[in-house]
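Peer 1: I would like the atomic coordinates for the input below:
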Amino acid sequence: MDDTTNTTDTTDETRTIAAPAPAPALRRAAAPDAEAAAEVWLRSYDAALPTVRRAHSDDEVRAFFRHVVIPERETWVAEAESREGDGGIVGVMVLTEAESESESESEAESEARTEGAAGAGHVDQLYLAPAWRGRGLGDRFLSLAKERFPAGLELWTFQINTPAHRFYERHGFTAAERTDGSGNEEREPDVRYVWLPRSR
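Peer 2: Predicted coordinates:
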């Protein structure tokens, strides 16, 4: 028996069941991943946010991944084994250290965040190939982000992206700030989410 099928005997028949594909491996991105990671971003953005104007062309996004995202940021990719053309890079997550203070934060909010999340991280990007949504890959990426920045995390998402809100809230993030979008390139209303570890 090879590792791609599993034969199960029943009373009068034998069925062959395809073995599940192994979970995609999460690893740090390298220069050769830039093109594939950019393609995941482009496909995911277009599928999840069809009504949101993109601020950059496809070629500009690819160049940004090639010259900035991969070489200068903590970028992680999910790589699936190829089966029937669905392998390769299927997810991308970009992490940075959180900025010390948002201009729109009140002094009290800034103080609370600094005390509760010194050394916090920021999830700059988290995009999955559309076929890989709802399969646990986003959960694995967020678990990794929490391991990398156990003091806390923050991220921005568009207000129109309600599936993302549900996803982040399920993982313990809470909405901390809403804006009219004047501060982002797309000029789309957005929301800042924050995750802080539970007190011990």
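Peer 1: From now on I want contacts and neighbour counts done on CA atoms only, so please keep to that.
Peer 2: Noted.
Peer 1: Run through the helices of the protein in chain order.
Peer 2: Counting by DSSP state H, the chain has these helices, from start to end: 34-48, 58-64, 70-72, 107-116, 137-148, 162-170.
Peer 1: and those, which is most packed in?
Peer 2: Mean neighbours per residue, mean count of other CA atoms under 10 Å, is largest over the helices of the chain for helix 34-48, with a mean of 20.
Peer 1: Name the single longest strand found in the chain.
Peer 2: When the chain is scanned for its longest strand (criterion: DSSP state E), the result is strand 88-97.
Peer 1: Specify the beta-bridge partners of the residue nearest to the spatial centre of the chain.
Peer 2: A centroid search over the chain (CA atoms, centre = their mean) returns residue 126, at 1.9 Å, as the residue closest to the centre. In this structure, residue 126 has beta-bridge partners residue 93, where bridges are defined by DSSP bridges.
Peer 1: circling back: output the longest strand of the chain in CSV, but only the C-alpha positions, please.
Peer 2: What follows is strand 88-97 as a C-alpha-only set of coordinates in CSV (Å, rounded to 0.1, in the frame of the first residue of the first chain):
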residue,chain,number,x,y,z
GLY,A,88,3.1,25.6,-3.7
ILE,A,89,2.7,28.8,-1.6
VAL,A,90,-0.9,28.9,-0.4
GLY,A,91,-0.6,31.5,2.4
VAL,A,92,1.5,34.5,3.5
MET,A,93,1.8,36.3,6.9
VAL,A,94,3.9,39.4,7.5
LEU,A,95,4.9,40.4,11.0
THR,A,96,6.6,43.6,12.4
GLU,A,97,7.1,45.1,15.8
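Peer 1: Give the residue spans of this structure that score low on pLDDT.
Peer 2: By pLDDT under 70, the low-scoring segments of the chain are 1-21, 83-86, 100-118, 199-200.
Peer 1: just to revisit the earlier point, please dump the helices of the chain into TSV; it should also carry distance to residue 95 for every row.
Peer 2: Rendered in TSV, the data for the helices of the chain read as follows (distance: least, CA to CA, whole Å):
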stretch	distance to residue 95
helix 34-48	14
helix 58-64	15
helix 70-72	11
helix 107-116	18
helix 137-148	7
helix 162-170	16
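Peer 1: Hmm, residue 92 and the residue nearest to the centre of the chain touching each other?
Peer 2: Yes: the pair residue 126 / residue 92 is scored as a contact, 5.8 Å apart, by CA atoms under 8 Å.
Peer 1: Quick one: list the elements packing against the longest strand of the chain.
Peer 2: Using 3 or more CA pairs under 8 Å, 6 or more residues apart in numbering; DSSP states H and E as the contact criterion, the secondary-structure elements in contact with strand 88-97 are helix 34-48, strand 74-80, strand 121-128, helix 137-148.
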